[in-house]
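# next input, structure requested:
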Amino acid sequence: MTSPTIPNMLIPSHASTKYWDRICVVVQQSCFRLLKNQEVQATCFRKSVTISDKAQIASYKVAELIALKQKPHDIAESLILPACLEIVKIMFGNEAQRDVLKIPVSDDTIKRRIIDMLGFIENAVTAKLSTKNFALQIDESTDISGKAQLIGFIRFVDDTEIKNQFLFCKELIGHATGEDIFNSVSSYLEEWKLSWENCAGICTDGAPAMRGSIKGFCSRVKAINSNIVSTHCFLHRESLISKSLPSNLKSVLEQVVHMTGTICNNKKRVYCLKLRTELNFSSQTLLKDIKP
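Numbering: from 1, shown residues only. Sure thing, here's the model as predicted:
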């Protein structure tokens, strides 16, 4: 029986009685109560959805900070969240503390967040590179478990700005030969629909697997695109030179390294050095300007 038929049934039997007005008031109050409950439920639902969205954003922000600082994933659950709970409880009260508890920061969650952000970065970078030239820096290293890891960085021009981006880190399956490195990089480029034809340059170390004249990684790439310019990383060259320096030059290099480390390990010294450099530059510029 629908609600519109209720008044029609009540009118004949109660229209002439003193209870009709009271029945109308009761029905009206019930309708208002139902509407109010719906509004309260809708408000609570919107609030819960808003808190959930903010909690997800906060979770990604925490994961980003952990990745940037290169800290273990469980630090969010063991240190960051407890610290935030104490701060929020003191500053804003128990209700705000309950909202902070809704932020997902478990070890596995932080790991998934970092992987998601890596996917977002890859999508953004490769979308810009679909029709642009780029340069690659490739290096192979061994981690603490003895597995070979291939790391790639990319440089490209975005509008009028030169950008350097981390591209990938992949485990090498095989013996880390030039062919293995080439297949690994090629499969990654094909996955993101990037072509060797748009590659303008490659920078590697001097290992035979990288720069071998026949089976090296650079030789295999040049067989596809002969216009690619391959360079030997100057940091690797400096490292090789430092191992064969004469004793008098080596002592000077050691002193420079020691002084640099002493300055860089103290923020106050770094600030003073920057300030002094800026003052010297300003004074030299001023002297040039006042010269007749």
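
# for the stretch 1-150 of the chain, just list every one of the helices.
5-14, 20-69, 75, 81-92, 94-100, 107-129 (DSSP state H, counting those that start in this stretch).

# show me what the last one is packed against.
When contacts are defined as 3 or more C-beta pairs under 8 Å, 6 or more residues apart in numbering; DSSP states H and E, helix 107-129 sits against helix 20-69, strand 148-158, strand 161-171. For glycine as for every other residue, the C-beta is placed from the backbone atoms N, C-alpha and C.

# same question for it, mean pLDDT?
The pLDDT scores in helix 107-129 average 85.

# comparing the helices of the stretch 1-150 of the chain by mean pLDDT, which bottoms out?
helix 5-14 (a mean of 48).

# and this structure, what are its domains?
Using automatic domain parsing, the domain parsing of the chain gives 5-107, 130-240, 246-290.

# following the helix or strand containing Met210, which helix or strand shows up next?
Following DSSP states H and E, one finds Met210 within helix 208-211. Moving toward the C-terminus from helix 208-211, the next helix or strand (DSSP H and E) is helix 217-224.

# just the C-alphas of the helix or strand following that next one, formatted as PDB.
Per DSSP H and E, the first helix or strand lying C-terminal to helix 217-224 is strand 229-232. Extracted C-alpha coordinates of strand 229-232, given in PDB (Å, rounded to 0.1, in the frame of the first residue of the first chain):
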ATOM      1  CA  VAL A 229      77.100   9.500 -30.900                       C
ATOM      2  CA  SER A 230      78.600   7.300 -28.200                       C
ATOM      3  CA  THR A 231      80.700   8.900 -25.400                       C
ATOM      4  CA  HIS A 232      82.800   7.600 -22.500                       C
END
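
# show me what the very next helix or strand once past strand 229-232 is packed against.
Using DSSP H and E, the helix or strand that follows strand 229-232 in sequence is helix 234-242. Of the remaining helices and strands, none touches helix 234-242 by 3+ C-beta pairs under 8 Å, 6+ apart.

# any idea how far Lys54 lies from Thr109?
Note on Lys54: its distance to Thr109, by C-beta to C-beta, to the nearest Å, is 16 Å.

# which one's more surrounded, these two?
Thr109 (17 against 13; other C-beta atoms under 10 Å).

# what's the pLDDT at Ala15?
On the pLDDT scale, Ala15 gets 47.

# count the neighbours of Ala83 for me.
Neighbour number of Ala83 under other C-beta under 10 Å is 9.

# Ile121 now?
13.

# what do you get for Glu86?
Neighbour tally, Glu86, other C-beta under 10 Å: 11.

# ditto for Asn248
7.

# ditto for Ala67
Counted with other C-beta under 10 Å, Ala67 comes out at 15.
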